[in-house]
Every structure is written in C-alpha cells, then in structure tokens.
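Chemist: Take a look and give me a structure for this.
(one chain, ligands or ions: 1)
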Amino acid sequence: MKSSESTLRSAAPAIDDVLSSRAAGIVVLAGGTLAELHPARMGQADIVVKNDVIAQVGGTVPESLPRVDVTGCIVTPAFVVAHTHLYMTLAAGMPPPATPPRTLTDHLQWVWWALDKALDDDLVQTSALVGAAMAAKAGACCVVDLHSSPRAIEGSLDRIASALDEVGLRGVLSYETSDRDGKGRRDGGLRENRRFLDKVRAKTTRHRALVGAHALMTLNDDTLDGLRELADAYDAGLHVHAAEDGTDEVDAIKTRKSTLLARLDRLGLARRGSVAAHGVHLPSVYVDQLVQAGGFVATCPRSNMAHGVGLFGGGGARIALGTDGLDHDVLAEARAYALRHAEARDNLARETGARIVAGQELAAMAFEETVPRKLQVGARADLVVLEYAGATPSSPSNLLDHVARGWTSGHVRDTMVAGQFVVRDRKLVNVDERELLPRARAAAGRLWERVQGYT
Ligand SMILES: [Zn+2]
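Modeler: Next up is the predicted model:
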C-alpha cells in the first residue's frame, strides 16, 4: 500500500477531549484500513468515535477505551441512497402483469401505480421497515425517499420516519404529489409534504424533508405552482422524477402547450438541496443550472435498464446514485454505473467514486453539517465496515476498481449511524430479523393480493 497513511490521520489533539469527557458513546474502530472514494485515499489508522462524530483519526489511542476490532476490514463513510422508494420493497417477486410492460408508461400504469394504490397504513410501515433494514445491511446510513400511497397519504411520512427510527437510519423524506388520482389526492400530497416540513421546522423529528412530486407529466400547472410555493415557504429543495424518458417533454409540448424547460422553471426545481431523479432526458444546460443552484441529479442506472429508458450522461459535481426502490443497495448501483458507462465509452466510469460521495454530500447538506463526510475529526460518525480482504493489493490508484469489481453489500459487516451501530457482525442491532422476515412475507402476500384488485 502506498501513500496517504498520514493524510488520513489527524494531528490527534482531540483524544484529551475524549478522555476528559468520560461520556458514554466512545468507541475505537481499531486496526482497519481507511478508505475515502473521492478523491481516492487510503491509510491504516484507528478511528475514535465520540458520541455522534469522529473525534480522532490515527495517533495514540489509550488501550482503556472500548474498541471494536476491524483488522483486515475497510472503513469508509457510510452510503446514502440519493433516490429510492421504500414502498416498493415488498414488490420483489410480485406476479407480473399479464402483458410484459414495454414503455415507462406501461411500467408505471401496470405495476407501480397498481402497487402504490394497494398500500394501506400497515403496508406503508412494513415496506419501509423492511426497506430500511435492507439499506442498513447494505451499508447505508441515510435514504432520500420519495413516497407514494394514494389511498393512505396522511401520516405516511410519519410511518416511514418511525420505521427508519426502528432500524436506526436517517431519512430525507417527501410525499409524491401527483394529479394522476384527482385533485383531492393531489391536495392530500401537498398537505402531507407541508405537515412533515412543519415537523422538521419544529424539530419534532430527527429526519429531514424535501417537497416531493411524481413527474412533470402527471403535474398540472397549478400543482407546479403549489409545489414551488411550498419549497419557497420552507426554503426546502424539491424531490421529483425529471425527464426519466421522453414523456415529460412530449407532455409539456402536446398537452400543456409549453416546453419541458419552461415547466421546470415554473416548478422552480433548480434550487439548493433539490433532487432530480433520473434526468436521462434532461437537457445538459438544465443539469448545469440545477447543479450550480446547489441541486442534485440522482442517476439510477439499474432502474433505467429495467425500464429501458436509456442512460444519464452527465458527470461532475452533485451527481449521486439512486436505487429507485430496487433494493436500496448503493454498491450494487455503483457497479452497474461503472459497467454501463464503460459500455457507453463516455469516460464516466472513472467517476463512480464521485457518484457515491455526491450522495454523502446531499445528506450533509440536508442535515446542515459543517464538516464534510470524510474520515476526519468532527465529521459525522456515519461509517461502514467492509470485511473485504481482496485477492489483490488495494491502493488509492486502484481503489475504484475494487469498488466496481470487488466490493459488494455482502462485505458489509457493520454499519454505524451517528456513532451507533445499527448493523453489527452482519446483524441488525435494533430489529429482530427472525421476526421481521415472517412479518414481511405475510405483508407481501397481502399486498400482492390487493394489487390484483387495481390491475
Ligand atoms: Zn423513482
């Protein structure tokens, strides 16, 4: 291993603070290989976590402190799923429609809009709980979720928040406002977003909120206005599907007598903290505008393959990875990202590490963190321990190749959120998986039966 041992160590003055506080919540991750993905850096050092932050990296650590042996493991900042749908978690294995969907609209109408209509309060909660458990075991500390349950809107974001609390994850939550089920449910969606924004403002939740909506093709002009007003009033970003395929643009021109760019402007999506999911058909000039305003694109290459909509070709800052409800597994998405962009020969595969880090930057912005999510003193102790020995040497120069070809969620041994283990030795700390799985299967069976009623 070359370089950087020192670069991932602090000057180590913080240990005195650690010792003097005598506070609970001190743990040393001892003996691991530290890795940051963008820019790629590696080094051998112990990490001292105090309460919810990293208190020391490297230096001398007293033997008396409680420690967890991470020898032979990689320690890296935990992953953030920049766009997902926890409500889709119980869809794995669901009977498909009689006719195989071809277009995105087929997938939406025949599968996803039948699924979300079938969700009741209990199914919202169970889907979120199972999804949060999967995310944690895949090394995620935070999910940026866009939720839809048109027949169980009110309180749905509280149910998701409570499921995340149960597992120990953080969420950036929003409800998927849409006109596709009529004005009453459109208003219900706006109300649910406002209700949760109020909770965030009142600090009665530890999660964060964005103003959520489905996609421009299902949003009337007055709904665009309502969403923008909400984002303005709460100084919040928006979370929407944007130009996932060409339908948003065709709809803008043919149905609305407008243009995609004019409708995006009317929505006011280009603002700090916004998340535009997919963006496959977003004009690059708009992507630049969004990113410059402090917004993000969440690219979802596996979902884009599943729906046959193409590949988002933008690179650079604030392009993060979303899993779009598939499995909440950022490493799986990263591998697909690297392979799809290698296939496209667009030189973006080399930015795979930057995609993962952009998700962490999105969470840091949402939670108003002042220290970047790096392995450094003062950063949030959201960490993942990968039991990845690797059959070949790792170094900063080949780290991304290990990420794309080697690392999988199967290597995740421990996940720590704000200094607390939520996964330890591959097991959920706060949830009994032996109870969760039968509950999940029973809920899935009930959900699938209900879905049949809406297809
Ligand atoms: Zn989505």
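
Chemist: What residues does L210 make contact with?
Modeler: Contacts of L210 were listed using Cβ atoms under 8 Å, 6 or more residues apart in numbering, and they are V144, V172, L173, S174, A236, G237, L238, H239, G273, S274, V275, A366. Every C-beta, even on glycine, is put in place using the N, C-alpha and C of the backbone.

Chemist: got a list of contacts for the host helix or strand of the third one?
Modeler: When you say that, I think you mean L173. According to DSSP states H and E, L173 maps onto strand 170-175. Applying Cβ under 8 Å, 6+ apart, the contact partners of strand 170-175 are 141-148, 153, 156-157, 160-161, 164, 189, 192-193, 196, 206-212, 239, 362-363, 366-367, 417-418.

Chemist: Out of those, name the ones that lie in strands.
Modeler: Among the contacts of strand 170-175, the residues falling in strands (DSSP state E) are 141-147, 208-209, 211-212, 239, 417.

Chemist: quick one: which of the contacts of L210 is nearest to A344?
Modeler: V275 (23.0 Å; Cβ to Cβ).

Chemist: For the closest residue to the ion within the stretch 251-400 of the chain, give its distance to N304.
Modeler: Nearest residue of the stretch 251-400 of the chain to the ion (Cβ to the ion) works out as D324 at 4.3 Å. According to Cβ to Cβ, to the nearest Å, D324 stands 8 Å off from N304.

Chemist: Likewise for D165?
Modeler: Taken as Cβ to Cβ, the span from D165 to N304 is 32 Å.

Chemist: And A114, what's its pLDDT?
Modeler: A114 carries a pLDDT value of 89.

Chemist: Tell me how many other residues surround it.
Modeler: By other Cβ atoms under 10 Å, the residues close to A114 number 18.

Chemist: What helix or strand is it located in?
Modeler: helix 113-117.

Chemist: and what of R439?
Modeler: Element membership for R439, per DSSP H and E: helix 433-452.

Chemist: Convert the C-alpha atoms of that helix to PDB, please.
Modeler: Output in PDB follows, covering the C-alpha atoms of helix 433-452 (Å, rounded to 0.1, in the frame of the first residue of the first chain):
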ATOM      1  CA  GLU A 433     -34.700 -10.300  11.800                       C
ATOM      2  CA  ARG A 434     -36.300 -13.600  12.800                       C
ATOM      3  CA  GLU A 435     -39.500 -11.700  13.500                       C
ATOM      4  CA  LEU A 436     -39.100  -9.200  10.600                       C
ATOM      5  CA  LEU A 437     -38.900 -11.800   7.800                       C
ATOM      6  CA  PRO A 438     -42.200 -13.700   8.500                       C
ATOM      7  CA  ARG A 439     -43.900 -10.300   9.000                       C
ATOM      8  CA  ALA A 440     -42.500  -9.100   5.700                       C
ATOM      9  CA  ARG A 441     -43.600 -12.200   3.800                       C
ATOM     10  CA  ALA A 442     -47.100 -12.000   5.300                       C
ATOM     11  CA  ALA A 443     -47.400  -8.400   4.300                       C
ATOM     12  CA  ALA A 444     -46.100  -9.000   0.800                       C
ATOM     13  CA  GLY A 445     -48.700 -11.700   0.300                       C
ATOM     14  CA  ARG A 446     -51.400  -9.400   1.400                       C
ATOM     15  CA  LEU A 447     -50.100  -6.600  -0.700                       C
ATOM     16  CA  TRP A 448     -49.900  -8.700  -3.900                       C
ATOM     17  CA  GLU A 449     -53.500  -9.800  -3.400                       C
ATOM     18  CA  ARG A 450     -54.600  -6.200  -3.100                       C
ATOM     19  CA  VAL A 451     -52.500  -5.200  -6.200                       C
ATOM     20  CA  GLN A 452     -54.500  -7.700  -8.300                       C
END
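
Chemist: re earlier: of D165 and N304, give the one with the bigger neighbour count.
Modeler: Set side by side, D165 and N304 show more neighbours around N304, with 21 against 17, by other Cβ under 10 Å.

Chemist: thought the more buried one was touching G310?
Modeler: Yes. Counting by Cβ atoms under 8 Å, N304 does reach G310; the two are 6.3 Å apart.

Chemist: shared neighbours, those two?
Modeler: In contact with both N304 and G310: V280, using Cβ under 8 Å, 6+ apart.

Chemist: How far does stretch 99-108 sit from its chain's centre?
Modeler: 25 Å (Cα atoms, centre = their mean, to the nearest Å).

Chemist: For it, give the distance from the opening residue to the closing one.
Modeler: End-to-end distance for stretch 99-108: 13 Å, by Cα to Cα, to the nearest Å.

Chemist: Tell me the buried residues in it?
Modeler: P101, L104, H107, L108 (16 or more other Cβ atoms under 10 Å).

Chemist: And for stretch 330-339?
Modeler: V330, L331, A332, E333, A334, R335, A336, Y337, A338.

Chemist: so what's the fifth one closest to, chain neighbours aside?
Modeler: Computed as Cβ to Cβ, 6 or more residues apart in numbering, the closest residue to A334 that is not its neighbour in sequence is T352, at 5.3 Å.

Chemist: Over to the first one?
Modeler: Distances taken as Cβ to Cβ, 6+ apart put F79 closest to V330, at 3.8 Å, once the chain neighbours are dropped.

Chemist: Let me see the contact set for that neighbour.
Modeler: Contact analysis of F79 by Cβ under 8 Å, 6+ apart lists A138, G139, A140, C141, V330, L331, I356, G359, Q360, V384.

Chemist: Looking at the residues you listed, which are in strands?
Modeler: The strands, defined by DSSP E, take in A140, C141, V384 from the contacts of F79.

Chemist: Spatially nearest residue to M134 (excluding sequence neighbours)?
Modeler: Nearest residue to M134 in three dimensions, chain neighbours excluded: H328, at 5.2 Å (Cβ to Cβ, 6+ apart).

Chemist: ok, that neighbour to A262 distance?
Modeler: Distance of H328 to A262, given as Cβ to Cβ: 34 Å.

Chemist: cool, W112 as well?
Modeler: Distance, W112 to A262, using Cβ to Cβ: 27 Å.

Chemist: Between those two, tell me which one has more neighbours.
Modeler: The residue with more neighbours, out of W112 and A262, is W112; 20 against 12, by other Cβ under 10 Å.

Chemist: any low-confidence regions in this protein?
Modeler: Scanning the chain for pLDDT under 70 picks out the ranges 1-24, 454-455.
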